[in-house]
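In: Sharing a model that was predicted from the sequence below.
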Amino acid sequence: MNKSRWFIHPIMILVISVIAVFTSLVLYIFWYVEVSQGLQAVIEKAGFDREQIFTPQTWVVILVLSILVGLILIGISVIFTFHQKTLQLYRLQRNFINNFTHELKTPVASLKLYLETFSKHQLPREDELQYLKHMIQDADRLTDNINRILSLAKIENRTLKGEFVDTELVDFARRFVENNLHIFKGCDISIHNPLERQYQYSIDASLFEMVMINLLNNAIKYNQSGRPAVRISFEPNGDSLYIIFADNGIGLPPKETQKIFRNFYQIGQSDNMSAKGTGVGLYLVDSIIRLHKGKIKAASPGLGMGSVFTLILPLNPAPQKA
């Protein structure tokens, strides 16, 4: 906080306003008591009827004034809370715009560089194929970011409905990983189904793929190990199916495990985490899972010890055997 302007800080204004209103009420009551005592002495000397001067309604007026002052204080507190939340949302949106701009500019700059290289130089076929591969990856990255924003807009407008089809989840996950190995290159992804059961569930394939992309990308992005690894496990628990994504990344502070699913939210304690991403990925994941009648929770043994994201979907008590 700028020391020269501490007196215009919202918290200081709130404190001063509350003190001013409360002091006004106290001074008013104090003044009334003092005046009443003086008048009472005069009335007793003059021989007037005290009840004619000090009516019971007077204390009713004081009570009403006290209630009104209380309502004013509550109103000030509500306005202050709303202001702080609005300010926080503004900061989150500003960070999102800055980070998302970076997420767009990086692949665009890369694509432009490759295209300029093609236009100025005659390259061997092997180099062309390598450059084309990188360009496709940049295009995929742009598409992923654009799809996130479009999905976010649909969620905010409550128009994201989804086309649900009954799907076997273990097979779906295996096919997704096999078809996207080029995206998760350098990451060890293993799928475990210890009970060897089939888990039929009605999902929107494109939305569920977005869930897996976000969780796997986070496991790779927020990772300082020599080789990122993600273990995807399917474990029934009563009437629910737990799909567990456990990675060997940098982990999460315990107090952040609930906040990370908020829109635009980014962890600020660690530079490694706050420097990447847009703050909408996990919000989309949470929204999509809720659309599928499930929920998601996050956990971590601690910083540097990996993270665990668990999707919880309601299932029949007795899934079929494979």
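Out: Thanks, I have the structure now.
In: As a check, name the ranges of all helices in the stretch 51-200 of the chain.
Out: Secondary structure of the stretch 51-200 of the chain by DSSP state H, counting those that start in this stretch: the helices cover 57-120, 125-156, 169-179.
In: Show me how far the last one is from its chain's centre.
Out: Computed by CA atoms, centre = their mean, to the nearest Å, the chain-centroid distance of helix 169-179 equals 28 Å.
In: Of the helices of the stretch 51-200 of the chain, give the one that comes closest to I213.
Out: helix 125-156 (6.7 Å; CB to CB). Yep, even glycine has a C-beta here, placed from its N, CA and C like the rest.
In: The closest one - what's its average pLDDT?
Out: The average pLDDT for helix 125-156 rounds to 77.
In: Now do the same contact list for F184.
Out: V177, L216, I220 (CB atoms under 8 Å, 6 or more residues apart in numbering).
In: neighbour-wise, which of the residues you listed leads?
Out: Counting neighbours by other CB atoms under 10 Å, L216 comes out on top of these with 22 neighbours.
In: Quick one: low-confidence residue ranges for the stretch 151-300 of the chain.
Out: 152, 155-162, 267-279 (pLDDT under 70).
In: And the residue nearest the centre of this protein?
Out: Central residue of the chain (CA atoms, centre = their mean): R262, 1.3 Å from the mean position.
In: didn't it look like it was pressed against L284?
Out: No - counting by CB atoms under 8 Å, R262 does not reach L284; the two are 11.8 Å apart.
In: What's the local residue count around H192?
Out: Burial of H192, expressed as a neighbour count using other CB under 10 Å, amounts to 12.
In: residues in contact with the nearest residue to I72 once chain neighbours are set aside?
Out: With CB to CB, 6 or more residues apart in numbering as the measure, V21 is the residue that lies nearest to I72, at 5.7 Å, once sequence neighbours are left out. By CB under 8 Å, 6+ apart, the contact set of V21 is V69, I72, L73, I76.
In: of these, buried ones?
Out: V69, I72, L73 (16 or more other CB atoms under 10 Å).
In: Quick check: nearest residue in space to the first one, chain neighbours excluded?
Out: Translated: V69. What sits nearest to V69 in space, not counting adjacent residues and going by CB to CB, 6+ apart, is L25, at 4.7 Å.
In: what about P254, distance to Q266?
Out: 17 Å (CB to CB, to the nearest Å).
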